[in-house]
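Engineer: With the input below, show me the fold.
(2 chains)
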Amino acid sequence: MMPMSYFIGLSILMFAMGILGVLLRRNPLIVFMSLELMFNSANLLFVAFSAYHHVLDGQLFVFFVMTTAAAEVAVGLALIVAIFKAKRTIDLDQMSSLKG
Amino acid sequence: MSLFEIASVHPFFQLVPLVVFLPVLGLLINLLVGKYLGEKGVGAVASLATGGAFAVAVLLAIGLGQVSEGATLTLANWMTVGDFSVNWSFRIDTLSVLMMLVVSGVGMLIHIYSIGYMHSDVRHNEDPGRFRRFFVYLNLFIAFMMVLVSSDNFLMLFVGWEGVGLCSYLLIGFWFEKGADGIGNAKAAKKAFVVNRIGDFGLLIALFLLFHSFGTLNFAEIFEQAPAIAAAAPGAIMAITLFMLLGVTGKSAQLPLYVWLPDAMAGPTPVSALIHAATMVTAGVYLVARSQALYVEVPAAQNIVMWVGALTAFFAATIAVGQNDIKKVLAYSTISQLGFMVTAVGMGATVAGMFHLTTHAFFKALLFLGAGSVILGVEHGHAQANKHAEHGHDSFDPQDMREMGGLRKRMPLTFIVYLLGALTLAGIAPLAGFFSKDEILAAANEKSIAIYALLTAAAFLTAFYMGRQLLMVFFGKPRSVASEKASESPLLVTLPLVVLALLSVFGGALNLPGSHILETWLEHTLEGVTPGHFVLTVALISLAVALLGLLLAWLVYGRKPLFENGQPDPLRKPLNGLFTALENKWWVDELYNTVIVRPYDAVARFSAGVIDQGIIDGLINGMGSMVGSLAKAWRRYQNGYVRSYALTIVVGVVLVITYLVLR
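Structural biologist: Numbering: from 1, shown residues only, chains lettered A, B, ... in the order given. From the prediction side, this is the model:
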């Protein structure tokens, strides 16, 4: 069996990539993908610990996360379509009309 | 006592509220429907209201003749705070009724006179609509004066005190758009008000101290406790009496606050007669007389009062010698005579003071009204002379004595009554002024030789300046076309003059040596009144001094009368610089301006500019702009970029987790 630290290291890597993606990219689709990356880094930890401790709770939780993520993406994509209709662009930096 | 109880003491006593309410009724009628009454109607209502008050005062006096200890009628409770209670009560005693008689009696005559005088005055000043306003103010004044003298506690007295001050202000500034530069009268009114405020501040402090020491403001209770409190805390009584004196110097125009009274002559002449000679200015004398029980406890305060009065009497008399305005001479004369009264009440010779107050009200009202009649006559003459000339605003001053002369032929009746008034003021026996002044001089002679000398010198100057005025106004040749064409005033104006002249001549009978009517009358109110002495030498000296003054005036102004306007005053040569000083009123106004008014203005400007606009506004504005600039700095973080918000969240989460881990 692979050591636990591999899973944790991979998870941290994925999570960091997700954060950087959210913070640095201007395309909302990429930002959503980065969000998914972070969800999945968490999911990976859930299943890894679930297997390690021989309990099913973690795996159970992953399904919830997946469902929520799917719902969130549905709403998010709908928003992006609406914004595109209004502004003819989906560049995140163009959506700054709330600045003080 | 209530109305029912007081009726059982004496039926007349229940009428006492009318002395206040009749004038109030008169002013309400004139205020509401006066427009439809016409000048005669307005004047009649106002005069009847005051006359009614006089009738009530007479009835009260008759009642007091039978029930001499008087009574107190409580009309309403004003305020009750714990043990402290103030009522609107009328105190009927011989002192207050004497004041009521003087105020309403002289007041009524002046009201009647005003009908004739204001008829011309409003036309001369080209605003006939103001006729009604004048009588409303006049009735308001009588009402407040009655509140002042009839009160049974210091607080209601203060209400009247302030009320008459207000009326004085309104009436001095009656022609507020006239005078030097169009604001001269308004300035005079403001000056009177502000100077009086200084005095009122003193009186207020005295009231606070009275409440602090006695726990009440009621006359009877305070005077009863006075000896005990004075024994326990002499300093408190001393402070009370001295602060009260400050109020007296303001209202009764004594040194150092007398400066407002000469300027108050800007008001119409009946106002000068009623308020600034006969009644309101005597309120200070009344206050000291009323508070006699307090003053006798502190002889030091009495001495100060006495000296203030005597110095004022002399000082103002010197200034009167150098004045050329017919009303200004009388104004300084009033200050001087008030000084006599204040000296008297300061010495404890209260009866003499009240006696002089009464006779002074007669003859000074007579003199002022006479001066008003002269002014009317000269104004009329001026209008006659300029009838065909183009109507324009010229610099003619109908009050300048240098422009008069020879008026005794043009205005014979005014001349006779004025002569009587002047002789009374000068103190020629057996006119009223002789007896009242003599009583004060006799008391001063016993008390202090310095005071006596000062007062006698003042009496000499009084005779001199009155002689000067008589000779300048009525004798010699007319020195202007206006006085050449002057004409006698109408009957409505001269009739009150005749009545006042009779009162001036026979007023001395009130308290003749030997009969002492006034003395026995006031004895019921003022405890420990010592009978005044008639000292033959003092009387002869004062008579001689008065005659000497008149003689000297004749030598200077009568033997070789002034022949033309603009001729230098004959006194200028022998007195030289001194006369200039007198003419300029010893530069007291200038002194006050330099020492008090200008520094005060500077402080005010400093407060307004540097402190208010600089520091206070600076603080407030600084706080505002500080918040603004802080907000501006923070605004940079609200840039609207979703990613930077996300970064903030990340940083926040990291910080929280770091904290939780490292805790």
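
Engineer: so what does the longest helix seen in chain A touch, helix or strand wise?
Structural biologist: The helix that spans the most residues within chain A, counting by DSSP state H, is helix A:57-87. If you count contacts as 3 or more C-beta pairs under 8 Å, 6 or more residues apart in numbering or on different chains; DSSP states H and E, helix A:57-87 packs onto helix A:28-53. C-beta coordinates here come from the backbone N, C-alpha and C atoms, glycine included.

Engineer: B:Tyr600 - how many residues pack around it?
Structural biologist: 11 (other C-beta atoms under 10 Å in any protein chain shown).

Engineer: Check which helix or strand the nearest residue to B:Arg290 once chain neighbours are set aside maps to.
Structural biologist: Residue nearest to B:Arg290 in three dimensions, not counting chain neighbours: B:Leu95, with 6.5 Å by C-beta to C-beta, 6 or more residues apart in numbering or on different chains. Under the criterion of DSSP states H and E, B:Leu95 resides in helix B:94-124.

Engineer: how far is that helix from where the chain is centred?
Structural biologist: In this view, helix B:94-124 has its centroid 15 Å away from the chain centroid, taken as C-alpha atoms, centre = their mean, to the nearest Å.

Engineer: List the buried residues of that helix.
Structural biologist: B:94-122, B:124 (16 or more other C-beta atoms under 10 Å in any protein chain shown).

Engineer: Name the next helix or strand downstream of that helix, please.
Structural biologist: helix B:130-150.

Engineer: Identify the residues contacting B:Ser483.
Structural biologist: B:Val378, B:Gly381, B:Glu403, B:Met404, B:Gly405, B:Gly406, B:Leu407, B:Arg410 (C-beta atoms under 8 Å, 6 or more residues apart in numbering or on different chains).

Engineer: rerun that using 10 Å as the cut-off
Structural biologist: Listed by C-beta atoms under 10 Å, 6 or more residues apart in numbering or on different chains, the contact set of B:Ser483 reads B:374, B:377-378, B:381-382, B:385, B:398, B:401, B:403-407, B:410-411, B:473, B:477, B:565.

Engineer: What residues does the one residue in the stretch 451-600 of chain B that gets nearest to chain A make contact with?
Structural biologist: Residue nearest to chain A within the stretch 451-600 of chain B: B:Tyr600 (50.9 Å; C-beta to the nearest C-beta). Residues near B:Tyr600 by C-beta under 10 Å, 6+ apart: B:Asn593.

Engineer: and it, that one's in a helix?
Structural biologist: Yes - using DSSP: H, G, I helix; E, B strand; the rest coil, the assignment for B:Tyr600 is a helix.

Engineer: Which pLDDT value does the model give residue 86?
Structural biologist: As the question left the chain open, I've gone with chain A. Confidence at A:Ala86, expressed as pLDDT, is 88.

Engineer: sorry, should have said chain B
Structural biologist: Reported pLDDT for B:Val86: 90.

Engineer: Give me the distance between it and chain A.
Structural biologist: Noted for B:Val86: a distance of 62 Å to chain A, by C-beta to the nearest C-beta, to the nearest Å.

Engineer: Tell me which residues of whichever strand or helix holds B:Trp88 come out buried.
Structural biologist: Taking DSSP H and E as the criterion, B:Trp88 maps to strand B:84-92. For strand B:84-92, a neighbour-count test (16+ other C-beta under 10 Å) marks B:Val86, B:Asn87, B:Trp88, B:Ser89, B:Phe90, B:Arg91, B:Ile92 as buried.

Engineer: just those now: which is nearest chain A?
Structural biologist: Chain A lies nearest to B:Val86 out of the buried residues of strand B:84-92, by C-beta to the nearest C-beta, at 61.8 Å.

Engineer: mind listing what that closest one touches?
Structural biologist: B:77-80, B:152-156, B:211, B:216-218.

Engineer: Give the bridge partners for it, please.
Structural biologist: B:Met79 (DSSP bridges).

Engineer: Kindly provide the distance from the residue of the stretch 451-600 of chain B closest to chain A to B:Ser607.
Structural biologist: Noted for B:Tyr600: a distance of 10 Å to B:Ser607, by C-beta to C-beta, to the nearest Å.

Engineer: Tell me which helix or strand B:Thr72 sits in.
Structural biologist: Here B:Thr72 is assigned to strand B:71-81, by DSSP H and E.

Engineer: just B:Leu548 next, same as before
Structural biologist: helix B:536-553.

Engineer: ok, the spatially most central residue of chain B - contacts?
Structural biologist: Centroid-nearest residue in chain B, with C-alpha atoms, centre = their mean: B:Val281, separated by 3.0 Å. Residues near B:Val281 by C-beta under 10 Å, 6+ apart: B:164, B:168, B:251-254, B:258, B:261, B:264, B:275, B:334-335, B:337-338, B:341, B:357, B:360, B:364.

Engineer: how about 6 Å then?
Structural biologist: B:Ser252, B:Ala253, B:Leu338 (C-beta atoms under 6 Å, 6 or more residues apart in numbering or on different chains).

Engineer: Which of those fall in strands?
Structural biologist: Among the contacts of B:Val281, DSSP state E puts none in strands.

Engineer: what's the closest of the residues you listed to chain A?
Structural biologist: B:Ala253 (68.5 Å).

Engineer: so what's the nearest residue to the closest one once chain neighbours are set aside up against?
Structural biologist: Among residues not flanking B:Ala253 along the chain, B:Leu261 sits closest, at 3.9 Å (C-beta to C-beta, 6+ apart). Counting by C-beta under 6 Å, 6+ apart, B:Leu261 touches B:Ala253, B:His276, B:Ala331, B:Ile335.

Engineer: Now distance to B:Ser291, neighbour count and secondary structure too, for these, in JSON lines please.
Structural biologist: Shown next, in JSON lines, are the contacts of B:Leu261 (distance: C-beta to C-beta, whole Å; neighbours: other C-beta atoms under 10 Å in any protein chain shown; DSSP: H, G, I helix; E, B strand; the rest coil):
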{"residue": "B:Ala253", "distance to B:Ser291": "19", "neighbour count": "32", "secondary structure": "coil"}
{"residue": "B:His276", "distance to B:Ser291": "23", "neighbour count": "28", "secondary structure": "helix"}
{"residue": "B:Ala331", "distance to B:Ser291": "27", "neighbour count": "26", "secondary structure": "helix"}
{"residue": "B:Ile335", "distance to B:Ser291": "22", "neighbour count": "26", "secondary structure": "helix"}
